[in-house]
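> can't give you the sequence, but here's the structure:
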């Protein structure tokens with residue numbers, strides 16, 4: 001099994017505010033330490049919190065709801081106008 005050390009990164013998860021820096025080497029190549037990354041559409045951070053991820057998901061739902069709400073309003077208004085003209 002081969003490793004792609006150019007793409008390999010690692011993260012240290014701590015519940016305190018201090019940031020620990022470790023040096024991890026594989027085959028003489030130092031890996032990059034990150035503070036956050038995205039995995040399966042979830043944002044993972046080194047402080048073990050998900051507040052930003054929750055806010056992003058709520059904003060996405062609000063946007064989708066508003067888009068669908070506008071479509072539904074147009075459909076209902078169009079049917080009401082057609083119903084009134086049909087009389």
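Arrived safely. None of the values given here were measured: they were computed from a predicted structure.

> every contact and neighbour count from this point should use C-alpha atoms.
Noted.

> residue 37: which element?
strand 36-39 (DSSP states H and E).

> and the contacts of that strand?
11, 43-46 (Cα atoms under 8 Å, 6 or more residues apart in numbering).

> so where's the protein shaky on pLDDT?
Where the chain drops to pLDDT under 70, the residues are 18, 76-87.

> report all helices and strands that the next helix or strand after the strand holding residue 37 contacts.
Using DSSP H and E, the helix or strand that directly follows strand 36-39 along the chain is strand 42-45. Applying 3 or more Cα pairs under 8 Å, 6 or more residues apart in numbering; DSSP states H and E, one finds that strand 42-45 contacts strand 36-39, helix 51-86.

> got the domain boundaries for the protein?
Recorded structural domains for the chain (assignment: automatic domain parsing) are 1-49, 50-87.

> quick check, nearest of the contacts of strand 36-39 to residue 31?
residue 11 (10.2 Å; Cα to Cα).

> so who does the closest one touch?
Contacts for residue 11 (Cα under 8 Å, 6+ apart) come out as 33-36, 46.

> just the buried ones out of those residues, please.
Among these, those classed as buried by 16 or more other Cα atoms under 10 Å are 33, 36, 46.
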